[in-house]
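> Any chance you can model this:
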Amino acid sequence: MSYTRIWLHCVWGTKNHYPFLAKGKKEIVIQHIVSNAKNKGIYIDTINGHHDHLHCLISLSRDLSISKTMQLIKGESAFWINKNKIVQGVFSWAVDYYAVSVSESQLEKVRNYIVNQERHHKKKTWQEEYDEFISDYFPDLVKG
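Alright, predicted model coming up:
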C-alpha cells in the first residue's frame, strides 16, 4: 500500500467577499464541511475563517487532486447551504481558491494562524491578507 502525507493550507472566500458567514453562520458551515469531508475521505486538520472566507489545513488524499478536493468541499457546501437556507439569499463561494504546501515543521504555526482568524482580522482586512498571501507564496504574480 502507498502512503502519502501532503499538507495544504487552503483559503477560499465567498463570492464578492459578501459576509455570509457572520452571525454564527460560520460555525454551522464549518461543522458541515468537516462532516462532509470526513465522509468523502478528506482529512481536515484545522478549519476556521472570518465572515467572508475560510482557511483549512488539509492532508491531501493520495486519491484526490487539489482541484477535486476543493470542488468536493466548496461545491457540496454551497449546495448544502442553499438547500438548507442557512443564509439569506443565494450563497456562492468565489470561483478561486489558494492552496500552498506546508512542511511538517510549520504545521503548528499554520494551525495557530487558522485558529486565530477572528483575532487576526481585527488587525487585517481580507484584502490585506490576500495581498500578503500572494506576496509570500506567489511573488511572481506581484507586479512591481
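> Sketch out the low-pLDDT regions of this structure for me.
142-144 (pLDDT under 70).
> For it, which segments count as helices?
25-39, 66-83, 107-115, 117-120, 126-137 (DSSP state H).
> Columns mean neighbour count and distance to His9 on top of these, output as TSV?
The way it works is simple: take the backbone N, C-alpha and C, and place the C-beta from them, glycine included. Output for those, formatted as TSV (neighbours: other Cβ atoms under 10 Å; distance: least, Cβ to Cβ, whole Å):
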stretch	mean neighbour count	distance to His9
helix 25-39	16	15
helix 66-83	16	11
helix 107-115	15	5
helix 117-120	13	12
helix 126-137	13	9
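> Just give the nearest non-adjacent residue to Val102, would you?
In space, not counting the residues next to it along the chain, Val102 is nearest to Trp7; the distance is 4.1 Å by Cβ to Cβ, 6 or more residues apart in numbering.
> got the contact list for the one you found?
45, 57-60, 101-104, 107, 110 (Cβ atoms under 8 Å, 6 or more residues apart in numbering).
> Going through these, which ones are buried?
Neighbour-count burial (16 or more other Cβ atoms under 10 Å) is assigned, among the contacts of Trp7, to 45, 57-58, 60, 102, 107, 110.
> which phi and psi does the residue found closest to Thr4 once you drop the neighbours it is linked to in the chain have?
Once flanking residues are discounted, Thr4 sits nearest to Arg62: 4.4 Å by Cβ to Cβ, 6+ apart. Main-chain dihedrals, Arg62, degrees, to the nearest 10: phi -70, psi -10.
> Understood, closing this out.
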